[in-house]
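>>> Here is a sequence with its predicted model. Questions after.
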Amino acid sequence: MRGLAEAIRSRKVTSEEAVCAVFQSMEEREPSLHAFLSLWKEKTIEEARRCDALVREFVENGKEDELPPLLGVPVAVKDNLLLEGERTTCGSKMLEDFVAPYTASCVEKLKGAGAIILGKTNMDEFGMGTTTENSFFGPTKHPSDPKRVPGGSSGGSAAAVAGGMAFAALGTDTGGSVRQPAGYCGIVGLRPTYGTVSRHGLVAFASSMDIAGPLCRDVLDAALLYNVIRGEDTKDQTSVPSSAVDSEALENYTLSGKRIGILRPLLENENTEEDVAQAIQAVSALATEKGATVEMVDMPLLEHAVAVYYILSSAEASSNLSRYDGIRYGYRAEGIRNLEELYTKTRSEGFGLEVKRRILMGNYVLSSEHFEDCYRQAERAAKALRAEFRKLFGKYDLLSGPVSSTTAPRCGEAGKDPLSAYISDLCTVPASLAGIPAVSIPCGYDRDRLPIGLQLMGPCFGEQEILGAARFLEKEFSLRTGKGAGSHG
Amino acid sequence: MADFETVVGLEVHVELKTRSKIFCSCPTAFGADPNAHVCEVCLGLPGALPRLNKRVPELAVMTALALHAKITPEMRFDRKNYFYPDLPKGYQISQLYAPVARNGYLDVETGEGENAYTRQIRIHELHMEDDAGKLVHDALPDQTCIDYSRCGVPLIEIVTEPDFRNADEVVAFLQKLRTLLQFLDVSDCKMQEGSMRVDVNLSVRPVGQEELGTRTEMKNLSSFRAVSKAVEYEARRQWACLLNGEEIVRETRRWDEDQEVSLPMRKKEDAAEYKYFPEPDLPKIRFTEEKIEEIRKALSETPDEKKKRYIGQMHLPPYDAGILTSGRRVAALFERTAELCGDPKESSNWIMGEFMKILNDHGVGPEDFSIREDSLGEIIVMLKENQVSRASAKALLLAAYEEGAVPEEYAKEHDLRLVRDKDTLLPIVEKVLEENPKPLAEYRAGKVKNKQFLLGQAMRSTKGKADPAVLAEVLQECLDRL
């Protein structure tokens, strides 16, 4: 992405050429991958031409240094981030025809940096799912194996980047929805510190954990995209100020002298595939070789992380999704006789199975009968988890583990047993609950040539640290194998 | 069967007087076109987030302090979830677990003469929330329309303990609360416009019984009169139920203003389960001790404090002090007037007498008038200095009220000032004596009271414009000379 941006600025390539190349690979790949829910080719090409004209103008006036950093770069955006004038469906029948009346703050920043938004990407309905199969508009397929899922819920964004249909993409991460698909598809996905990216215009799933994050081809791109979208926003009072990541410092980062903890429960559990475990152990060996101290860390609280995550996220989701009632916008059922029916029929027909399951769960844990033993307990557990992470970051610079216990599963598997699908979130939900930054980078392949993701977590506002380590490892992997460090890499 | 006692607690919703809404910058103005004041936030569109108007917690804390309540150091918002078409987000942003304040009170004076007494009404809590929209049933035939302009207007809800024992106490409390909130400039408290809404929780029990009876909640009360009627009606209805051996049903009832009866609205059993939980979109609100002190200091004098001062320092009778502190505007007028003329009692007499009469004649409420605040004080000064007669002073006040006249100028223009120049008055007196030879002769023969008659004649000749003291002096001099 940054290479393209640089090439456009120095007029080695035009934005129009880049955009056309993307649409060409789209013609070939999109029909089978189905990464996008909306595309606007003509508009994108026109915009590319405008960018090229701007570059010419600036260069002629000797002001190329003032060009915005992502000028002319085609980028994809997940379909739960609003872009004024375009549909924002959240992968739901409920919002099939909903046209955004305003633009999300992070998308606005992306546009402000000169990026061209070329389309909206597919996702699990309202972000609820780990495969992008829970989309009303049909599933997205894995770019290297159409019989497999790309992960989710930002599966469309991950497939678009990995499949060469966008130079970078924005996803959103509530319980792992950026990191896990990035891991499955072999690209870099960053979940920033909670609050560093404004949620204004991000359609809420679980407000206390939702955040937008970049899916990119490498770590430096992810850092650049994070720098563009981050920032405090008066339109989101949970947003916080943060510092930009220093790209030069990323290049100079070394693991020598760093203390790294590998979270044992993420690595050593019954679901961990052998290839995944081996890849992580290989990273551990590499880090040690490079002068880091690597230790296994026990964190008994993680045993409850998945349950806590599902209680809190479903509670918030049940409330956040109440506004879809068929009255003001969105889907409205037909043949309504009274108000009660307007609600029940609209919501029964407009929401998919998984969304209804979460709403039911949320209502259960918030009911006066269960509020204390479910919601309050989960709230306390999350608080304890945050405290535990703080303690661990006093001892370790980084915490690590796989981003998923497995590589990309086959299509249809997750739908068979929702509970084991939930359990597969074990690796990603801890960072979500703690609000800490976490990045997923490819660290090898399994025996089926499917990418394996490594996850690096840091303390709040530790983006510089985790991206530094990620960049260091990324360079090491490409030196060693040209691709990754894993046993089959 | 023993006598029954009525027990009432109130939930009072008050719209705060802020220019913009609680969670967005839309205006709060009442009476706009339907859906004129809405944006993505108050319409609850996907992706929109609330952003708290800082003025709202400040006004809420101010009110809580005036109600002697304990401020919560770390307030939070909670979501109250329920479905209704006027509620665009599907939840109200309210406060359950950490409201603005708890444990306050307001002393209420009620009863008259020997039966007057004060009752302390405890305030259970005070919290902030956003208002919902309005369903409009009469705009289109057979259709219900929704006006979302009211969505997000800031409200505070004041919840009392069940400390009321009759309708008079309830009304006295509401009147006092309204005055207080108007004094603080926190709310207009117009029940007709819905900026003050009262729900009545009422139960009855045999006198002497500690335990509370089953209560009902009454809604749709649009005036203090309706509240009073509703309390009396509902108490009688519940007594009758108990006397007939029936059980009181825990339910929400609607007051029917036309029939003056309460009707069942919904049973409490099937009342919504609100599934409250902490609002994740808004950070906690912290008020430090210093900040609370700052607000307390800036708090304008409450009506009770004013009343005390009027009686103690200005030596007004309690009756006067009560009336003059019944509203913010009237108290302000009184204070300015007394300051200008230095005579609190005279100021009070004028306001309670002539001024209220003018307002009454014009059909204007005691808090809705508009007059230059210095006018009455200036008039009283002119009167005290004998520059104008009492009758002219009344005319000046009317002119000041109706035309915004400045008394000094108006008196000059309309020749209302008293004549005090002896040289001007002498020929008038001489003429009167000349035209009344008989009374004059009688005076000189010893009929002293004829002097009054002659003075009256002279005053009539000046058309009442002479300073009576100077005129009497000139007459005496003439009589002495004769």
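Perfect, I can see it now.
>>> Who are the packing partners of the longest helix seen in chain B?
Using DSSP state H to define each element, chain B has its longest helix at helix B:224-243. Packed against helix B:224-243 by the contact rule (3 or more C-beta pairs under 8 Å, 6 or more residues apart in numbering or on different chains; DSSP states H and E) you find strand B:4-15, helix B:167-183, strand B:196-206, strand B:216-221, strand B:251-256, strand B:261-267. (Each C-beta comes from the backbone N, C-alpha and C, glycine too.)
>>> quick one: contacts of that helix?
The contact list for helix B:224-243 (C-beta atoms under 8 Å, 6 or more residues apart in numbering or on different chains) reads B:1, B:4, B:6, B:8, B:166-168, B:170-171, B:174-175, B:191, B:198, B:200, B:202-204, B:213, B:216, B:218, B:221, B:247-248, B:253, B:255, B:257, B:260-262.
>>> try 6 Å this time
Applying C-beta atoms under 6 Å, 6 or more residues apart in numbering or on different chains, the contact partners of helix B:224-243 are B:4, B:6, B:167, B:170-171, B:174, B:198, B:202, B:204, B:218, B:221, B:248, B:255, B:257, B:260, B:262.
>>> Check stretch A:403-421 too.
A:130-131, A:142, A:147-149, A:179-180, A:183-184, A:271-273, A:427, A:440, A:446, A:450, A:452-453, A:455.
>>> Also stretch B:441-454?
With C-beta under 6 Å, 6+ apart as the test, stretch B:441-454 has contacts from B:P439.
>>> Report the residue ranges of every domain in chain B.
B:4-289, B:301-413, B:422-481 (automatic domain parsing).
>>> before we move on, back to that, which two from the contacts of helix B:224-243 end up farthest apart in space?
B:F4 and B:E257 (25.5 Å; C-beta to C-beta).
>>> The two: which has the busier surroundings?
Taking neighbours as other C-beta atoms under 10 Å in any protein chain shown, B:F4 and B:E257 compare with B:F4 leading, 18 against 15.
>>> so the more buried one touches B:L202, yeah?
No. With contact defined as C-beta atoms under 6 Å, B:F4 does not reach B:L202; the gap is 11.8 Å.
>>> Look at A:V13 and give its secondary structure.
Following DSSP: H, G, I helix; E, B strand; the rest coil, A:V13 is assigned to coil.
>>> Neighbours of the closest residue to it other than its chain neighbours, how many?
Spatial nearest neighbour of A:V13, excluding adjacent residues (C-beta to C-beta, 6 or more residues apart in numbering or on different chains): A:A7 at 4.4 Å. A:A7 is flanked by 17 other residues according to other C-beta under 10 Å.
>>> cool, the one 4 residues further on as well?
Residue crowding around A:R11 was assessed by other C-beta under 10 Å; the count is 12.
>>> just the one 3 residues further on next, same as before
Here the number of neighbours of A:T14 (other C-beta under 10 Å) works out to 19.
>>> Can you tell me which of the helices and strands packed on helix B:224-243 is nearest to chain A?
Smallest distance to chain A across the helices and strands packed on helix B:224-243 (C-beta to the nearest C-beta): 13.6 Å, for strand B:261-267.
>>> Could you list the residues in contact with the closest one?
Contacting residues not belonging to strand B:261-267 are listed as B:218, B:234, B:251-256 [C-beta under 6 Å, 6+ apart].
>>> now with 10 Å?
Strand B:261-267 has contacts (C-beta atoms under 10 Å, 6 or more residues apart in numbering or on different chains) with B:200, B:202, B:216-221, B:229-231, B:233-234, B:237-238, B:249-256, B:272.
>>> B:P73 and chain A, how far apart?
For B:P73, the distance to chain A (C-beta to the nearest C-beta, to the nearest Å) stands at 19 Å.
>>> Can you list the low-confidence ranges for the chain?
All of this refers to chain A. Scanning chain A for pLDDT under 70 picks out the ranges A:481-489.
>>> That was the other one, I meant chain B.
Applying pLDDT under 70 to chain B flags the ranges B:1-2, B:268-272.
>>> go again using 80 as the cut-off
Residues of chain B meeting the criterion pLDDT under 80: B:1-2, B:30-31, B:266-272, B:300, B:366-367, B:482.
>>> Name the residue of it with the shortest distance to chain A.
In chain B, the residue that lies nearest chain A is B:G90 (2.4 Å; C-beta to the nearest C-beta).
>>> Skip the chain neighbours and tell me the closest residue to that residue.
Residue nearest to B:G90 in three dimensions, not counting chain neighbours: A:S322, with 2.4 Å by C-beta to C-beta, 6+ apart.
>>> Could I get the phi/psi values of that neighbour?
phi -70, psi -30 (degrees, to the nearest 10).
>>> try B:M459
With angles defined as degrees, to the nearest 10, B:M459 sits at phi -60, psi -40.
>>> isn't it right up against B:A469?
No. Between B:M459 and B:A469 there is no contact under C-beta atoms under 10 Å: 11.5 Å.
>>> The residue in the stretch 301-450 of chain A that chain B sits nearest to: neighbouring residues, count only.
Using C-beta to the nearest C-beta, the closest approach of the stretch 301-450 of chain A to chain B is made by A:S322 at 2.4 Å. A:S322 has 23 neighbours, counted by other C-beta under 10 Å.
>>> Also B:G363?
Applying other C-beta under 10 Å, we find 7 residues neighbouring B:G363.
>>> if I've got this straight, it is in a strand?
No. Counting by three-state DSSP, B:G363 is not found in a strand; it is coil.
>>> And it, how far from B:F369?
Distance of B:G363 to B:F369, computed by C-beta to C-beta, to the nearest Å: 11 Å.
>>> on that earlier part again, which neighbours do B:F4 and B:L202 share?
Jointly contacting B:F4 and B:L202 under the rule C-beta under 10 Å, 6+ apart are B:213, B:235, B:238.
>>> who wins for neighbours among these?
With neighbours taken as other C-beta under 10 Å, the top of the shared contacts of B:F4 and B:L202 is B:Q238, carrying 23 neighbours.
>>> which parts of the stretch 301-450 of chain A sit against chain B?
A:312, A:315-316, A:318-330, A:339-340, A:342-344, A:347, A:362-369, A:371, A:375-376, A:379 (C-beta under 10 Å from any C-beta of the partner chain).
>>> returning to what we had before: the residue nearest to B:G90 against A:F351, yeah?
No. Between A:S322 and A:F351 there is no contact under C-beta under 10 Å: 11.5 Å.
>>> Check the secondary structure at residue 433 for me.
The chain I'm using is chain A. Using three-state DSSP, the secondary structure recorded for A:L433 is helix.
>>> doesn't A:A305 make contact with it?
Yes. Applying C-beta under 10 Å as the test, A:L433 and A:A305 come out as touching, 6.3 Å apart.
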